[in-house]
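Chemist: need the 3D shape of this:
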Amino acid sequence: MVLCTLLSSTEKKTECGFVYKSNDIPLYLIEKVGPQVKNFHAGDIIVVNSTGTKIEFDNVDHFLFKEENVMGKEM
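Modeler: The predicted model follows:
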């Protein structure tokens, strides 16, 4: 499993407060990785093919993904 924070969302907000959905791909920053994870490290920026499990702690939303749901990482 990898624990991430959302870097870029598909939900956007204009200066006047209008909220809309965009076609952007959400990007996540890996904060921590589980002991079985071999291909990813803390600090990697990734894209995934699932919604993951949303967890809130320290007033920050985090997302938990299985390693097999990570489709790519930024080089």
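Chemist: now the lowest-mean-pLDDT helix or strand in the chain: buried residues?
Modeler: The helix or strand of the chain with the poorest confidence is strand 11-13; it has a mean of 81 (mean pLDDT, DSSP states H and E). For strand 11-13, burial by neighbour count (16 or more other Cβ atoms under 10 Å) applies to no residue. To be clear about C-beta, it is placed using only N, CA and C from the backbone, and glycine gets the same treatment.
Chemist: identify the residues contacting it?
Modeler: 19-22, 24 (Cβ atoms under 8 Å, 6 or more residues apart in numbering).
Chemist: for the residue most central in space within the chain, phi and psi?
Modeler: By Cα atoms, centre = their mean, the chain has its centre lying nearest to Tyr28, at 2.8 Å. The phi and psi values for Tyr28, taken as degrees, to the nearest 10, are phi -120, psi 140.
Chemist: quick check: it touching Leu7?
Modeler: Yes - using Cβ atoms under 8 Å, Tyr28 is in contact with Leu7, at 6.2 Å.
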